[in-house]
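K.L.:
return atomic coordinates for the entry below.
(chains A, B, C and D)
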Amino acid sequence: MTTLVPDSEARVRIARRIAREFLEQNRKLVINLGVGIPTMVTNYIQGRDIFIQAENGMLGVGRLAGEDEIDRQLINAGRQPVTETPGCSYFDSAASFGMIRGRHVDATVIGAFEVDQEGNIANWINPNGKQLGVGGAMDLVTGAKQVIVGMQHLTRDGTAKLVKRCSMPITGFAEVDIVVTELGVFYFTDARLVLQEIAPEVSLETLTVLTEAQFVVSRNLKTITV
Amino acid sequence: MTTLVPDSEARVRIARRIAREFLEQNRKLVINLGVGIPTMVTNYIQGRDIFIQAENGMLGVGRLAGEDEIDRQLINAGRQPVTETPGCSYFDSAASFGMIRGRHVDATVIGAFEVDQEGNIANWINPNGKQLGVGGAMDLVTGAKQVIVGMQHLTRDGTAKLVKRCSMPITGFAEVDIVVTELGVFYFTDARLVLQEIAPEVSLETLTVLTEAQFVVSRNLKTITV
Amino acid sequence: MRDQNKFLSIEQALAEIKAGSRIMIGGFGLAGYPEQLVEALAASGLRDLTIISNDLGSPGVGLGKLLTNGQIKALIGNYYNWNPEVAEAYAEGRIQVTLLPQGSFAEAIRAASVGIPAFYSAASAGTDLAVGKETREFSGRTYVLERAIHADVALIKAHKADGLGNLVYYKTARNFNPIMAAAAALTIAEVDEIVPTGALDPESIVTPHIFVDVIIRSA
Amino acid sequence: MRDQNKFLSIEQALAEIKAGSRIMIGGFGLAGYPEQLVEALAASGLRDLTIISNDLGSPGVGLGKLLTNGQIKALIGNYYNWNPEVAEAYAEGRIQVTLLPQGSFAEAIRAASVGIPAFYSAASAGTDLAVGKETREFSGRTYVLERAIHADVALIKAHKADGLGNLVYYKTARNFNPIMAAAAALTIAEVDEIVPTGALDPESIVTPHIFVDVIIRSA
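P.N.:
Sure thing, here's the model as predicted:
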C-alpha cells in the first residue's frame, strides 16, 4: 500500500495533536511521556504550566539538552540528556512510581504495538525473543489518571494497530482513554471506541478498512487539526 | 514493704547499667530510647559512636536542650526539646519507622508494666480507661534487633513486674532480650529467663520472692555494676 | 493538582473543608502541626469530622480544641495519652477511636499516597490492636494486613514553599506532614515562608508541588 | 551498620563480595551506577551472581560487562532492551531472568528496606508478568501481591558522603540508589566527594549513614 502520510509528518502530527489535548484543558497538568513520538509532545507544550515527570526520578523535566548542555547524569527515562525547569525536583525510583501509582500524574502518553476495541493495550514487549524488558509501562497505564496512546495507524507491514483483540502480550486491560494516530483521534467513551477526528487524507471508508477495531463515529466528527 | 533502693537511685542504676550494655560492645550502634528511664541512658553514652534515633523523625539526637537552647520544633518522641549532633538527619515518620521495621536499629530501650517469663511484654496501655495510645511501642519491639527493658523491679504497690504471664495487654510476643531492674539483670537465653547480675541490696532468696517469673541463675552470677 | 492560584487566605482555605470530612492533620505533639489552620478549623465549628493524626495535642490546646468543641466524630491515630479528654470521650461513647501502631499508621498513610491498597507489617500481630485484622505468615513470622488510610483533606505544616508550591520542612516538625501531603484529595499547607520558584535546591525539595493544592502563610 | 572504618579502597571493598551473591546495583541506563565498583566486580571474575538492577547497561558496557564475562547466574529487574545480550543469554538458557514492572520493582526493594514482606500493586494484574503471583481485589480492582526483594550486597552511587557516611545524590543519578542502600545486608557506596561530618544539611541528607557500610571514592 502507499503511505497516506509520510512518517515524519505523521509523527509530528500525532505529537502536536496530543499536545493540543493538554493545551485545551488550559490548566496545570503533570504528564509522563514515553519514548519516541510521546517525547516529541514536549516540543509543543512549552511555556505552559504542564510539568513533565520522568519515572527515573524527576519532576519538571525541561527540553532535550543541546550539545553543550549535556549532563550524563541528567536524563529522561528514554536515556536522553534533558534540562531542568525552575522548581524541578529529584526523588528516588520508589517515590517516583509512588507518584504514578498514587494517581498524582494526570496523563501518560505512550506508544503501542496494538490497542484493541476493549481499550486493552499491548506495548511492553514484542515476543520475538530479542526483547526482554517492561520499563514503567504497566505502572503507568494502571496508575496515570489518563492514558493517551500516540502511535502510527499501521505497522511497517501495513497492518492495523487498532485491532479487535490484542494478539501481543497485554500491558494493561481497559486502561486506554485516547488513541491518536496520524489518521484519526479515537476516544474510549462508555467502553466504546469513538472516532472523534479524521485526517484529511482519508475517507471514513478508507479509515474503516485500515482499522481492524470496531469503532463508532462521533456525531461531531471533525478533521484533525493540530 | 520497705524500698530496697530509693527511686532516684534505682532509675540512675538502671539507665547506667543499660548504657554499659552498649558501651561494652565498643562499636557503632543505633538505638531508640523510650520515655522515662530509657531516655536517661543518653546521659551515660556521650562521646561514643552511639546514635540515637527518635521515631518522630530524627537520627543523631543529642542531649536534652538547655533552657536557652529550646526549639519547640526540635523534640524527641517524648516531646522533650533536644539538641542536634554533627551528622544528624531528619526524615518523615514513614521513613523513620521504615528504619525501625527494616531492622536498621540495633536496640530499643523501653519501659514496661510487665514482662513475663516467655519474653512477652506489656507496656502500651494500662487498661484503666484513662489511656488510649500505643505510640511506637509495637513497631519498636517487633522491629529493633534487640529489645532491652529498663524498669523498676516492683510496681508502686510492691507487686512483681517480672511475672509468669502478662495480665495486661501485650505489646509484643517473645520479643524481649534483656530486662534491667535495680535489683537484677536478666537475659532471655534459649527461651529461658536467666539472672546474670544481682543487686548488692538483695539475696537470691529475696529476689526470687520479688520476682514472680521463674528464672534460672547464671553460673557466672555477678553483682550489678554500673 | 488544582489549577487555581494556590496561595489563599486562611478563610478561603477553610472554605474548602466540609462538615463530615476525613481530615489528616500533620504534627507530633505540638511540633509541626498547622497551628493556624487548626485554630481556624476549631473556630469554624465544622462538625462530624474524622481526624487522622498522630495525637490530639493537649486538652484544649492545638488539635485538642476540636474535641473540646465537640467537632469530632471519629479519630484514627496512634497516641492520645497526652490528651486525656480523648479516653474520656471514647469511654462515654461520644467518639469512635481507631488506634494503630505508629509505624503502621505512618506506613498506611504513605500507602495511600503511593496507590498501595494494603501491605503487611509484623507490628501488633497477636495483640488487641490486630483484632479483626487478617494475618499471614511470611518466613515463619506472623504479619498483619494493614489497609491504606486515605483522607478528603490534609492540613499540613511546612517551613518554606516556593512559587509552585514545592515544600521543605524544619527539623522534627517534618514528621507526618510529607506523607499526608500526598495521601489526601486536597492538601492545604501552612508555611512559615514563601520563596521564589527556583530558590529551593531541587535535590532538597521534600514535597514536590504537585501534592500541594492550597498554601497559606503563617501570620 | 558495621563498626569498622567505612572508608576503604576499592580492593578492600570488593573483598567483601562473594561468588554466588545477590547483588543490587543502582543506576538507570548509564546514569547513577557505581562505575568503578562495577568495573572492579567485572575484573574480579566472581561468578554465579544474581544481579538486581533496573537494566544491564549496554553490551559490554557498564553492568553489561558482567554478562559478557559470564559472571551472571540470574537477573531480577525491569528493562533489558538496551542490552540485547540479555535476551540472547536468556533464550539460550544461560541465565534466569525475572522481570517486574519498574514501579513494582522499586517498591519491592523499598519494602525490603522497611521490613515489609509483601504489598499489593495494580501494575501487571492479568498480564504475563503476574503469572504465578497471587492476586486480590480491593474496591473492585485487581491487585498483585508483590514480595520484598532483599540482597546480600548493594553497590550504589552517591554524589557526596560525609565523615559518618551520610549520602546525598546528584540529579537523576539518584534513581534506585537510596532504596537499595537500605535493602541489602551490606551496602558499598561509590561517591564523587567526601566532605566533613556536619557539612551536609541535616534536612537534605537522603541516605542516613546507618544504611552505609563501606564507602569508596571515585577516582
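K.L.:
residue contacts, C:Lys73?
P.N.:
Shown in contact with C:Lys73 (C-beta atoms under 8 Å, 6 or more residues apart in numbering or on different chains): C:Gly20, C:Arg47, C:Asp48, C:Leu49, C:Thr50, C:Ile95, C:Gln96. Every C-beta, even on glycine, is put in place using the N, C-alpha and C of the backbone.
K.L.:
next: C:Glu146.
P.N.:
For C:Glu146, counting by C-beta under 8 Å, 6+ apart, the contacting residues are C:Leu100, C:Ser104, C:Glu107, C:Ala108, C:Ala111, C:Ala118, C:Phe119, C:Tyr120, C:Ser121, C:Lys133.
K.L.:
residues near residue 178, how many?
P.N.:
I'll assume chain A. Using other C-beta atoms under 10 Å in any protein chain shown, A:Ile178 has 19 neighbouring residues.
K.L.:
oops, chain C please
P.N.:
By the criterion of other C-beta under 10 Å, C:Pro178 has 27 neighbours.
K.L.:
C:Glu35 now?
P.N.:
C:Glu35 is surrounded by 16 other residues when neighbours are defined as other C-beta under 10 Å.
K.L.:
quick check, it in contact with C:Leu155.
P.N.:
No. With contact defined as C-beta atoms under 8 Å, C:Glu35 does not reach C:Leu155; the gap is 10.2 Å.
K.L.:
list residues touching both of the two?
P.N.:
Counting by C-beta under 8 Å, 6+ apart, the residues touching both C:Glu35 and C:Leu155 are C:Glu190.
K.L.:
coming back round to it: by neighbours, which of the contacts of C:Lys73 wins?
P.N.:
The most crowded member of these is C:Leu49, carrying 25 neighbours; neighbours defined as other C-beta under 10 Å.
K.L.:
that one against C:Ser21, yeah?
P.N.:
Yes. Between C:Leu49 and C:Ser21 there is a contact under C-beta under 8 Å: 6.1 Å.
K.L.:
so which of the contacts of C:Glu146 sit within helices?
P.N.:
Taking DSSP state H, the ones among these that sit in helices are C:Ser104, C:Glu107, C:Ala108, C:Ala111.
K.L.:
the second one touches B:Ala94, doesn't it?
P.N.:
Yes. If you go by C-beta under 8 Å, C:Glu107 and B:Ala94 touch, sitting 5.6 Å apart.
K.L.:
who has more neighbours out of these two?
P.N.:
Remark: of C:Glu107 and B:Ala94, C:Glu107 carries more neighbours, 30 against 25, as counted by other C-beta under 10 Å.
K.L.:
what ranges does chain A have for its helices?
P.N.:
Remark: helices assigned in chain A by DSSP H are A:7-23, A:37-40, A:93-101, A:137-143, A:204-210.
K.L.:
with chain C instead?
P.N.:
Secondary structure of chain C, counting by DSSP H: helices at C:10-14, C:35-44, C:64-68, C:84-91, C:102-113, C:177-181.
K.L.:
now do the contacts for residue 20.
P.N.:
Because you didn't say which chain, this covers chain A. Under the contact definition (C-beta under 8 Å, 6+ apart), the residues listed for A:Arg20 are A:Tyr44, A:Thr225, A:Val226.
K.L.:
please go with chain C instead
P.N.:
Contact criterion C-beta under 8 Å, 6+ apart gives C:Arg47, C:Asp48, C:Leu49, C:Lys73 as the residues in contact with C:Gly20.
K.L.:
what residue of chain C is the furthest out?
P.N.:
Computed with C-alpha atoms, centre = their mean, the residue of chain C farthest from its C-alpha average is C:Gly140, at 34.0 Å.
K.L.:
pLDDT below threshold where in chain A?
P.N.:
Counting by pLDDT under 70, chain A has low-confidence residues at A:1-2.
K.L.:
change it to 90
P.N.:
Applying pLDDT under 90 to the predicted model, the residue ranges of chain A that meet it are A:1-4, A:46-47, A:127-130, A:191, A:225-226.
K.L.:
do a quick rundown of the strands in it.
P.N.:
Counting by DSSP state E, chain A has these strands, from start to end: A:29-33, A:50-54, A:58-64, A:82-90, A:107-110, A:114-116, A:121-122, A:146-150, A:162-163, A:178-180, A:184-189, A:192-198, A:216-223.
K.L.:
now for these, which one comes closest to D:Pro196?
P.N.:
strand A:82-90 (23.9 Å; C-beta to C-beta).
K.L.:
and the closest one, anywhere near chain C?
P.N.:
Yes. Judged by C-beta under 8 Å from any C-beta of the partner chain, strand A:82-90 and chain C are in contact via A:Glu84, A:Pro86, A:Gly87, A:Cys88, A:Ser89, A:Tyr90.
K.L.:
before we move on, the earlier item: let me have the strands of chain A in a markdown table, extended by distance to D:Val191.
P.N.:
Supplementary listing: the strands of chain A in a markdown table, determined by distance: least, C-beta to C-beta, whole Å:
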| stretch | distance to D:Val191 |
| --- | --- |
| strand A:29-33 | 30 |
| strand A:50-54 | 24 |
| strand A:58-64 | 21 |
| strand A:82-90 | 17 |
| strand A:107-110 | 34 |
| strand A:114-116 | 45 |
| strand A:121-122 | 41 |
| strand A:146-150 | 39 |
| strand A:162-163 | 50 |
| strand A:178-180 | 45 |
| strand A:184-189 | 48 |
| strand A:192-198 | 52 |
| strand A:216-223 | 56 |
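K.L.:
rewinding a little: from the contacts of C:Glu146, which is closest to chain A?
P.N.:
Closest approach between those and chain A, by C-beta to the nearest C-beta: C:Ala111, at 9.1 Å.
K.L.:
mind listing what the nearest residue to that closest one once chain neighbours are set aside touches?
P.N.:
Of all residues beyond its chain neighbours, the one nearest C:Ala111 is C:Ala148 (4.0 Å), with distances taken as C-beta to C-beta, 6 or more residues apart in numbering or on different chains. Residues touching C:Ala148, when contacts are defined by C-beta under 8 Å, 6+ apart, comprise C:Ala108, C:Ile109, C:Ala111, C:Ala112, C:Ile116, C:Pro117, C:Ala118, C:Ala183.
K.L.:
buried among these? Make that a ChimeraX selection.
P.N.:
Restricted to buried positions by 16 or more other C-beta atoms under 10 Å in any protein chain shown, the ChimeraX selection for these reads:
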select /C:108,109,111,112,116,117,118,183
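K.L.:
and of the contacts of C:Ala148, the nearest to B:Tyr187?
P.N.:
Lowest distance from B:Tyr187 to the contacts of C:Ala148 (C-beta to C-beta) belongs to C:Ala108, with 35.0 Å.
K.L.:
gap between the closest one and B:Ile170?
P.N.:
21 Å (C-beta to C-beta, to the nearest Å).
K.L.:
wait, which of the strands of chain A is closest to chain B?
P.N.:
Nearest of the strands of chain A to chain B, taken as C-beta to the nearest C-beta: strand A:82-90 at 15.4 Å.
K.L.:
quick one: name the residues of chain C near chain D.
P.N.:
C:107, C:111, C:114-122, C:138-139, C:141, C:143, C:168-171, C:174, C:201-204, C:206.
K.L.:
could you redo the last one with a cut-off of 10 Å?
P.N.:
Where proximity means C-beta under 10 Å from any C-beta of the partner chain, the interface of chain C facing chain D comprises C:103, C:107, C:110-111, C:114-123, C:136-139, C:141, C:143, C:145-148, C:159, C:168-171, C:174, C:201-206.
K.L.:
make a ChimeraX selection of the buried ones in the residues you listed.
P.N.:
This is how ChimeraX selects the buried members of the residues of chain C next to chain D, with burial counted by 16+ other C-beta under 10 Å:
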select /C:103,107,110,111,114,115,116,117,118,119,120,121,122,123,143,145,146,147,148,159,168,169,170,171,174,202,203,204,205,206
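K.L.:
check contacts around A:Val176.
P.N.:
A:110, A:112, A:115-116, A:118-121, A:123, A:141, A:146-149, A:186-188, A:193 (C-beta atoms under 10 Å, 6 or more residues apart in numbering or on different chains).
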